[in-house]
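Asks: mind folding the following:
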Amino acid sequence: MDTMKHGSDACTHLRHKGMYVLSVVDPDETRFYDKYDATAYWCTRTQKPYGPDNEPAHASACRAGRGCCR
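Replies: The predicted model follows:
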């Protein structure tokens, strides 16, 4: 799973630790791990796991159309 690819409509303020690590994804990773996304996201505007609108900071939520998304 490549957590770096959120799509072009992802908010530019969304961050996670994987963005700061250079590594090669193991192609067999999906055979050993659940598809559950346990990535800890945060918003650079609030520096917390939720955005300025008090909603969760997550790849599925921080998208175009959300009021605080840039």
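Asks: use CA for all of it now, contacts and neighbours both
Replies: Will do.
Asks: so residue 14 bridges to which residues?
Replies: With DSSP bridges as the criterion, residue 14 is bridged to residue 43.
Asks: so what pLDDT did it get?
Replies: You'll see residue 14 listed with a pLDDT of 96.
Asks: OK, contacts around it?
Replies: Residue 14 is in contact with 41, 42, 43, 44, 57, 58, 59, 62, counting by CA atoms under 8 Å, 6 or more residues apart in numbering.
Asks: and the residues you listed, which two are the farthest apart?
Replies: Greatest spacing in these, by CA to CA: 44 and 59 (13.6 Å).
Asks: neighbours of residue 39, how many?
Replies: The number of residues packed near residue 39 is 13, by other CA atoms under 10 Å.
Asks: quick one: low-confidence ranges for this protein?
Replies: Scanning the chain with the threshold set as pLDDT under 70 gives 1-8, 30, 33.
Asks: centroid residue for it?
Replies: For the chain, residue 59 is the residue whose C-alpha lies nearest the centre (CA atoms, centre = their mean; 4.0 Å).
Asks: next, that residue: secondary structure please.
Replies: coil (DSSP: H, G, I helix; E, B strand; the rest coil).
Asks: fine by me, thanks again.
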